[in-house]
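> Requesting a structural model of the entry that follows:
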Amino acid sequence: MDENIKNSKILVVDDEIELLNLLKMVLVKEGFKNIYTAQDGRDAIDIFKNNSPDLAILDVMLPDMEGYDICKIIRKTSNIPVLFLSAKGEELDRVMGLAIGADDYITKPFSPKEVALRVKIQLTKSAMINNNKPNEKEKIIATPFEIDEEKIEVRKNGTIIDLKPKEYKMFLYMAKHKNQIISKERFCDEVWGEDFFGFDNTIMVHIRKLREKLEENPSKPKYILNVKGLGYKLQIKDN
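Just a heads-up that it's a prediction; the model follows:
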């Protein structure tokens with residue numbers, strides 16, 4: 001394992017002390033050196049603000065708040081990988097977690113070694129994304145939209161649009177492939193890095209939110225179009 005990944009700071013949050021200690025022990029055994037633990041949301045948020053972790057593992061049900069709430073706070077300032085741990089295994093719970101910006105959702109009971117493997121995968125992907133960031137300012141023009149990849153910023157007619165991390169990734173991919181049909185399978189692979197199974201509702205939720213933020217009339221979209229049976233496309237009329 002790469003030394004930089006070993007040195008990654010990992011925040012683990014769970015109110016079950018035995019499980020918390022077990023996860024920490026397994027992660028240390030796998031070579032990770034900087035593990036921070038918390039048993040409630042308040043401590044987790046303090047650790048996040050004071051230590052800037054590179055990845056967070058969040059239990060959904062905590063004594064003082066839900067892991068979803070912690071994820072929302074993290075997503076206001078950071079794109080670090082977030083993994084949810086939950087006893088709730090219903091599709092709706094998984095969809096909700098992914099829709100608010102999580103990168104993975106693991107249902108209890110689980111194998112601690114599997115969690116460690118997923119942590120490695122997410123940190124490796126995150127490192128690759130950071131290494132591939134352009135050194136010089138790069139902008140993508142899809143009038144009336146402009147995307148600044150260096151600043152991770154989307155503008156419409158010059159006005160900044162506030163997008164969540166997964167919304168930004170989806171729209172960036174659409175802008176890079178404007179006027180091309182993008183299947184749901186491609187979205188899963190390029191944005192989430194996972195197979196399509198179980199992601200149908202997640203993609204529809206993100207498309208709806210993008211339309212709400214980017215279209216003049218979300219119910220009659222002009223740019224983000226559904227191509228029945230095939231997927232979606234960003235329709236841009238080039239001048």
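> Spatially nearest residue to residue 69 (excluding sequence neighbours)?
residue 41 (6.5 Å; C-beta to C-beta, 6 or more residues apart in numbering). All C-beta spots, glycine's among them, are computed from the backbone N, C-alpha and C.
> What values do phi and psi take at that neighbour?
Note on residue 41: its backbone torsions stand at phi -70, psi -40 [degrees, to the nearest 10].
> contacting residues around it?
For residue 41, the contacting residues are 13, 62-67, 69-70, by C-beta atoms under 8 Å, 6 or more residues apart in numbering.
> switch the cut-off to 10 Å
13, 15, 58-59, 62-67, 69-70, 73 (C-beta atoms under 10 Å, 6 or more residues apart in numbering).
> Could you check the pLDDT of it?
You'll see residue 41 listed with a pLDDT of 95.
> and it, how far is that from residue 108?
18 Å (C-beta to C-beta, to the nearest Å).
> downstream neighbour of the longest helix along the chain in the secondary structure list?
Secondary structure of the chain per DSSP state H: the longest helix is helix 112-131. Using DSSP states H and E, the helix or strand that follows helix 112-131 in sequence is strand 139-142.
> Who are the packing partners of the worst-scoring helix or strand of the chain on mean pLDDT?
None of the helices or strands of the chain scores lower by mean pLDDT, DSSP states H and E than helix 91-99, at a mean of 80. Helix 91-99 sits against helix 67-75, strand 82-86, strand 104-107, helix 165-176, helix 200-214, with contacts defined as 3 or more C-beta pairs under 10 Å, 6 or more residues apart in numbering; DSSP states H and E.
> Output the first one as PDB, nothing but the C-alphas.
Once side chains and other backbone atoms are set aside, the C-alpha atoms of helix 67-75 remain, and they are given as PDB (Å, rounded to 0.1, in the frame of the first residue of the first chain):
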ATOM      1  CA  GLY A  67     -24.700  10.200  10.400                       C
ATOM      2  CA  TYR A  68     -26.600  11.800   7.500                       C
ATOM      3  CA  ASP A  69     -26.400  15.100   9.300                       C
ATOM      4  CA  ILE A  70     -22.600  14.700   9.800                       C
ATOM      5  CA  CYS A  71     -22.200  14.000   6.100                       C
ATOM      6  CA  LYS A  72     -24.100  17.100   5.200                       C
ATOM      7  CA  ILE A  73     -21.800  19.200   7.400                       C
ATOM      8  CA  ILE A  74     -18.700  17.500   5.900                       C
ATOM      9  CA  ARG A  75     -20.000  18.100   2.300                       C
END
